[in-house]
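Peer 1: Here's my sequence, what's the structure:
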Amino acid sequence: MALLIALVRRELHALWRDPWQLALVSYIPLLSVLCLWWLFSAGLPRQLPVAIVDQDHSQLSRMLTRQLKANPVTDPQSFTDLPSAVAAMQQAQVYAVVVFPHDMKKDLLTGHSPTIDVRYNSQFLLVGKLLSSQIQLSLGDGLLQIAGLKQLAKGIPKSQVAVNLSPVKSQTTALFNRNNNYIGFLVPPVLVALWQLLSMLVMANSLNRELHLNAAQPEDGISNRLTEHFWLKVLAKILLFTPILMLQGGFILTWLYLYLALPFAGSLALLLFAQLIMLLAVWSLVLFIFVLMRDSARVISFCTALFAPAFAFMGITFPTHEMPPLAQWWRLIMPSSHYIESHVSVVSYGVTWPTVAAQMSSYWGFICLLPLIYLLSRKLLPLTVSANGVTTVDSDTAFAVKGQ
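Peer 2: Down below sits the predicted model:
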């Protein structure tokens, strides 16, 4: 126990002497959370530019343009021809194109079915989906008015017109995120992905420090040789950094669901526990990569490449079952992909402990890493020749040689 306390104190001193590591556990997470919240603080995109190509130049086309102008999401901008409008969309000057064809009003009045060409940039996944629905809604409302006037002109009673136009009335009520607020929809998973990335960097930097100290003189009577008290050193790092990172995770939840008062149906204690399990999974994955590569640059590079696409694999903006098999396997390696299921269940559905416990069973793969970590930490030991010519294995220098 005394040795473990000394190792924790050693880690604390190393943290205080490392400006980058100190920044990762202090002001960088705070600034990142506030900046990301500020980026999405508008809540809902508004006044998105939409190109209007009016080839009809009729009262009807002008009325439909006014309908789009009245929609707070769209901001119609006139273009003389389709190629210039498409070029503007390719350059991200507009996000959608609406083309009113020639003789549109005449075709409607004579019983034909003109085609209104609507194009949107699906590369902007959420913006494209939002514009597609809002443009169809605005144009549909405007065309319904024209259809109603046409039926009234034929002498159909006004009460019957409403039935003819909408024989079945429907009402859509959102159960969650009723205002389509991007803060409640996107910010939590984005912050979880960021928190996971910062947690990875903190542990990877701390482990890589052992490689640089491997040949250094003992500190406070504790050997700096990597294999000397290796597992106690790992435990000391976990004991020091887990509470610090949990404070960051708790700050994210407090900021979102207590300060910003986003809709929340469950228990914060359950989410904190789910965060703890996710963090331990991150630690195990980083430790596995460290003992596998034992090179500081490779460890950081590989971990960053592994954790960088975490947000895309959460299934928030794209259904994961539609991903290729390789992407689905990659998603299973990501601790945040397991955590987000509990997060959504607790926040939206208010599930209790039994459901969260069942969801946490998906972490079993990370437990299987522990024996692999132990075996990798002991293999590839260098051979040395003793004075009597017998070949032996020097286990105390195994990590030192591999690290160098």
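
Peer 1: Do a quick rundown of the helices in the stretch 201-350 of the chain.
Peer 2: Counting by DSSP state H, counting those that start in this stretch, the stretch 201-350 of the chain has helices at residues 230-254, 268-293, 296-307, 325-333, 335-344.

Peer 1: Where among those helices is average confidence lowest?
Peer 2: Ranked by mean pLDDT, the helices of the stretch 201-350 of the chain bottom out at helix 325-333, which scores a mean of 87.

Peer 1: Touching that one from outside, list them.
Peer 2: Contact with helix 325-333 is made by Leu285, Leu306, Pro309, Phe313, Thr320, His321, Met323, Ser337, Gly365, as judged by CB atoms under 8 Å, 6 or more residues apart in numbering. The C-beta positions use only the backbone N, C-alpha and C, and glycine is treated the same way.

Peer 1: 7 Å instead?
Peer 2: Helix 325-333 is contacted from outside by Leu306, Phe313, Thr320, Ser337, Gly365, using CB atoms under 7 Å, 6 or more residues apart in numbering.

Peer 1: Which residue comes closest to the residue minimising distance to the centre of the chain once chain neighbours are left out?
Peer 2: The structure's the chain has its C-alpha centroid closest to Phe311; by CA atoms, centre = their mean the separation is 2.4 Å. Nearest residue to Phe311, sequence neighbours excluded (CB to CB, 6 or more residues apart in numbering): Ala193, at 4.2 Å.

Peer 1: so the one you found sits in a helix?
Peer 2: Yes. According to DSSP: H, G, I helix; E, B strand; the rest coil, Ala193 belongs to a helix.

Peer 1: Do I have it right that it meets Ala310?
Peer 2: Yes. Using CB atoms under 7 Å, Ala193 is in contact with Ala310, at 4.0 Å.

Peer 1: got any residues that touch both of the two?
Peer 2: Ser336.

Peer 1: For the protein, name the helix or strand with the lowest mean pLDDT.
Peer 2: strand 383-385 (a mean of 34; mean pLDDT, DSSP states H and E).

Peer 1: would you list every one of the strands in the stretch 301-404 of the chain?
Peer 2: 383-385, 391-393 (DSSP state E, counting those that start in this stretch).

Peer 1: Ok, the stretch 51-200 of the chain next?
Peer 2: Under DSSP E, counting those that start in this stretch, the stretch 51-200 of the chain gives strands at 74-79, 96-100, 117-120.

Peer 1: Same list (these) but as TSV, adding mean pLDDT.
Peer 2: Listed next are the strands of the stretch 51-200 of the chain as TSV, based on pLDDT from 0 to 100:
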stretch	mean pLDDT
strand 74-79	91
strand 96-100	91
strand 117-120	87
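
Peer 1: returning to that earlier point: out of the contacts of helix 325-333, who's nearest Ile135?
Peer 2: Thr320 (28.2 Å; CB to CB).

Peer 1: Nearest spatial neighbour of the closest one, chain-adjacent residues omitted?
Peer 2: Closest residue to Thr320 apart from its sequence neighbours, by CB to CB, 6+ apart: Arg331 at 5.9 Å.

Peer 1: how about stretch 77-96: buried residues?
Peer 2: Neighbour-count burial for stretch 77-96 flags Phe79, Ala85, Val86, Ala88, Met89, Val94, Tyr95, Ala96 (criterion: 16 or more other CB atoms under 10 Å).

Peer 1: measure stretch 301-312 end to end?
Peer 2: End-to-end distance of stretch 301-312 (CA to CA, to the nearest Å): 19 Å.

Peer 1: just how off-centre is it within its chain?
Peer 2: When C-alpha coordinates are averaged (CA atoms, centre = their mean, to the nearest Å), stretch 301-312 and its chain have centres 11 Å apart.

Peer 1: Now for Leu292: which residues touch it?
Peer 2: So Leu292 contacts Leu376 (CB under 7 Å, 6+ apart).

Peer 1: Just say helix, strand or coil for Leu7.
Peer 2: helix.

Peer 1: quick one: contacts for the nearest residue to it once chain neighbours are set aside?
Peer 2: Nearest in space to Leu7, with sequence neighbours left out and distances taken as CB to CB, 6+ apart, is Ala236 at 3.7 Å. Ala236 is in contact with Leu4, Leu7, Val8, Glu11, counting by CB under 7 Å, 6+ apart.

Peer 1: Please name the residues that touch the third one.
Peer 2: In other words, Val8. Neighbouring residues of Val8 by CB under 7 Å, 6+ apart: Ala236, Leu239, Leu240.

Peer 1: Can you give me the separation between the closest residue to it other than its chain neighbours and Leu245?
Peer 2: Distance criterion CB to CB, 6+ apart; nearest residue to Val8, sequence neighbours excluded, is Ala236 at 4.6 Å. Ala236 sits 15 Å away from Leu245, going by CB to CB, to the nearest Å.

Peer 1: Can you give me the neighbour number for Ser132?
Peer 2: Using other CB atoms under 10 Å, Ser132 has 15 neighbouring residues.

Peer 1: correct me, but it touches Tyr120?
Peer 2: Yes. Taking contacts as CB under 7 Å, Ser132 lies within contact range of Tyr120: 5.4 Å.

Peer 1: Quick check on Gly111: phi, psi?
Peer 2: Dihedral pair for Gly111: phi 90, psi 10, per degrees, to the nearest 10.

Peer 1: Let me see the contact set for it.
Peer 2: Applying CB under 7 Å, 6+ apart, no residues qualify as near Gly111.
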